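Participant: what's the 3D shape of this:
(chains A and B)
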Amino acid sequence: MEDNKPWALISEVGDQGYIEEVTDILEQHFHIICHKDFLQNSLVHGPKIQAILMWNTLPAAKPSLLSLLPSLKVVASGGAGIDHLDVPYIASLGVKVTNTPGVVSDATADIAMGLLLASARRIVEGHLIAVDPNITCLPLKLMGVEVTGSTLGIIGMGHIGYKIAQRGKGFDMKILYHNRNRRSFEDEQAVGASYRENMDDLLKESDFVMMAVNLTPETTDLISHRELSLMKPTATLVNISRGLVVDQDALVKALKSGGICAAALDVTHPEPLPRDHPLLCLPNVLITPHVGTNTIATTRKMVLKMVDNAVAVLNGQVIPNEVKPN
Amino acid sequence: GFTLVNNPSCYTWTDSSHQVMEEDKRWALISEVGGDTGYLEELADVLKRHFHLICLREFLQNPALHGPKVQVLFIWKFLPEAEPSLLRSLPALLLVASGGVGVDHLDVPFINGLGVKVANTPGVVSDSTADHAMALLLASARKILDGEFKGHTTHLPQRLMGVEVTRATLGIVGMGDIGYKIAQRSKGFEMKILYHNRTRRTGAAERATGAEFCRRLDDLLKRSDFVVIAVKLTADTTGLIGRRELSLMKPTATLVNVSRGLVVDQDALVEALRSGRIGAAALDVTHPEPLPRDHPLLGLPNVLITPHMGISTNATATAIVEKMLENGLAAVKGLPVPDEVKLQ
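Facilitator: Prediction:
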């Protein structure tokens, strides 16, 4: 059984790669070689590799790598996003592409609400004051904004957006949404969501604007100067999709000028931002380093799904989550 | 215009353009406007609509002169302290109107014994406090604080792993207004909800939130991933969560406290966190507030503390002050005080 396991290329274990707690899943089905070791003798290792198990966009599926992998059958990516993959190009080599939708949704919706609440209720600032050796009193002006009963505008009502709506409902939030396609009446009723065909209307009415779209050419810079100017000056922008969905320069300008009140971002472009980026100096900005799926439970689910997809391709079975070139 | 008296940071306000209204206005004593613990201007303005306000510093300059005028003592962020010496200098006092729902800082029997009523502001604090409890829970679970720092540091972070919130087990200790609203919010995260309360809630309330009653606190503690404390502080709940209770909790569990610091044995909490007997703590309340700057809780990596901000939104603060005003007005008009705190 050992000897029959196919070979898979990964980035690394540790640092930006896989956590230790998932290596058992990888090794159950594959002989694993990490990128650094692969590069030491790519001519020997290359022909063995049938799968790239891609994590945090690494190893990048560039021509320089793929040309060394003549036996490659599948690029199996962990996560739902595929904006980092040139799917048509990879498909043209006769290689399948897979992702892991669905399993990321709960954890991502949780972080979306976590960011919304942490921003609204000034949790980080509060903590820093509470533990500061030089401060003994709460500054009078450290007031947050009310979440209960406020208006949550969700842009992108897919799997993740809908779960955010479910969570917002528990706070008696008024929920608006904008999506390419309108959801069913039952779906809307279940979370009390109102459709806004015109995204401008959602931007004007919302206290919290939540970005939950895929990154595509259509959604790149979806939120720019004009959209930010439509938002309430008391509104907060929350982004858990991709950095490029928001025009960052426009965002900095809107925050500095008081065009909007605050921003909470799990994603930026690039990740991480350069250390002198203006977003890092603004007081009303909360940034987390793309931790949307960072729980061991969700990470394991993603790796299981990624491996299942890769194994299905290699065994010629039905592929659960194939990403087809359009 | 206004009259400036002695200390420029404290004014007695008289608005000469509303002469008729002014004569009807009674006098109330407050801590201060501005400063570290006083009212925001906008909030003081709410009270000034119907009361002449005198702040404590000015009052203390001549209690014999000012005392007999004062009919209402408005308490904000626990100040002024309703101590016997202060109360005895207010012979005309009808009401101690406290902002917030907790009255553990007031000796209600003693105050009543002076012929003075006590009022709090229940209800209006509940949404905001429940929101804050969820904010603490999520920020702790998903390491938003650590993530924030790392977002700003110069090296790429180690994989920052948090704990799952969706479908985790939430144990609510104290299922009053606030506890119930916490249950409503956590339902949206498909959390399994357990609760412990002196009295069981109705079947309807349990079904609406999917909450399961735990007659024994111990059962709730053993089963929960997140334990949220939402009780009142009373003699019975002081030290409710001590060494034994913490040892029953899962080593991966998080304690969230939005009630009062004294409900939790802080020394036992420090020990439990250091030894890994529980996973993390997120506290909006401590004892004292603030903690001494060298307190061990401030140095622990898995502890999130906010400086009693459970009601710190403009909307809720305004609603609290409006209710304080309502109670004060009722008292001076000889009407029943809507939120009078009556002893069992």
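
Participant: kindly report the residues of the stretch 51-200 of chain B close to chain A.
Facilitator: With the criterion set to CB under 8 Å from any CB of the partner chain, the stretch 51-200 of chain B comes near chain A through B:127-128, B:130-132, B:134-136, B:138-139, B:141-145, B:147-148, B:150-152, B:154, B:156-167, B:184-190. C-beta here means a position set from N, CA and C on the backbone, and glycine is covered the same way.

Participant: take those and keep only those in helices.
Facilitator: Filtering those for membership in helices, criterion DSSP state H, returns B:127-128, B:130-132, B:134-136, B:138-139, B:141, B:144-145, B:147-148, B:150-152, B:184-187.

Participant: if we can go back for a sec, can you turn the buried part of the residues of the stretch 51-200 of chain B next to chain A into a PyMOL selection?
Facilitator: Listed next is the PyMOL selection for buried residues among those, using 16 or more other CB atoms under 10 Å in any protein chain shown:
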select buried, chain B and resi 127+128+130+131+132+134+135+136+138+139+141+142+143+144+145+147+148+150+151+152+157+159+160+161+162+163+164+165+166+184+185+186+187+188+189+190
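
Participant: torsion angles phi and psi at the residue of chain B found nearest chain A?
Facilitator: At 3.2 Å from chain A, residue B:188 is the closest residue in chain B, using CB to the nearest CB. Torsion angles at residue B:188 (phi, psi; degrees, to the nearest 10) stand at phi -60, psi -20.

Participant: can you tell me how far the residue nearest to residue A:48 when sequence neighbours are not counted is from residue A:314?
Facilitator: Distances taken as CB to CB, 6 or more residues apart in numbering or on different chains put residue A:7 closest to residue A:48, at 4.2 Å, once the chain neighbours are dropped. Remark: distance between residue A:7 and residue A:314 (CB to CB, to the nearest Å) = 10 Å.

Participant: what do you get for residue A:228?
Facilitator: From residue A:228 to residue A:314 the distance is 47 Å (CB to CB).

Participant: which of these two has more residues huddled nearby?
Facilitator: residue A:228 (23 against 18; other CB atoms under 10 Å in any protein chain shown).

Participant: so, low pLDDT: which residues of chain A?
Facilitator: A:1-2 (pLDDT under 70).

Participant: can you give me the helices for it?
Facilitator: Counting by DSSP H, the helices of chain A are A:23-29, A:35-40, A:42-45, A:63-66, A:87-92, A:105-120, A:123-131, A:159-169, A:185-191, A:199-205, A:225-230, A:248-257, A:296-314.

Participant: tell me which of the ones you listed sits most buried.
Facilitator: Greatest average neighbour count among the helices of chain A goes to helix A:105-120 (a mean of 27), per mean count of other CB atoms under 10 Å in any protein chain shown.

Participant: report the angle between it and helix A:296-314.
Facilitator: Using axes from the mean of the first three to the mean of the last three CA atoms, to 10 degrees, the inter-axis angle of helix A:105-120 relative to helix A:296-314 is 140 degrees.

Participant: restricting to C-alpha, output helix A:105-120 in PDB.
Facilitator: Taking Å, rounded to 0.1, in the frame of the first residue of the first chain, the C-alpha atoms of helix A:105-120 are listed here in PDB:
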ATOM      1  CA  SER A 105     -18.100  29.200   5.100                       C
ATOM      2  CA  ASP A 106     -18.800  29.000   8.800                       C
ATOM      3  CA  ALA A 107     -15.400  30.000   9.900                       C
ATOM      4  CA  THR A 108     -15.300  32.900   7.400                       C
ATOM      5  CA  ALA A 109     -18.800  34.100   8.400                       C
ATOM      6  CA  ASP A 110     -17.700  34.000  12.100                       C
ATOM      7  CA  ILE A 111     -14.600  36.100  11.400                       C
ATOM      8  CA  ALA A 112     -16.800  38.600   9.400                       C
ATOM      9  CA  MET A 113     -19.000  39.000  12.500                       C
ATOM     10  CA  GLY A 114     -16.000  39.100  14.800                       C
ATOM     11  CA  LEU A 115     -14.400  41.900  12.800                       C
ATOM     12  CA  LEU A 116     -17.700  43.800  12.600                       C
ATOM     13  CA  LEU A 117     -18.200  43.600  16.400                       C
ATOM     14  CA  ALA A 118     -14.600  44.200  17.300                       C
ATOM     15  CA  SER A 119     -14.600  47.400  15.200                       C
ATOM     16  CA  ALA A 120     -18.000  48.600  16.300                       C
END
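
Participant: starting at the chain centroid, how far to it?
Facilitator: Relative to the chain's own centre, helix A:105-120 is displaced by 12 Å; criterion: CA atoms, centre = their mean, to the nearest Å.

Participant: what does stretch A:244-262 contact?
Facilitator: The contact list for stretch A:244-262 (CB atoms under 8 Å, 6 or more residues apart in numbering or on different chains) reads A:83, A:119, A:145, A:211, A:213, A:215, A:219-225, A:228-229, A:231-237, A:239, A:263, A:265, A:268-269, A:278-279, A:282, A:284-286.
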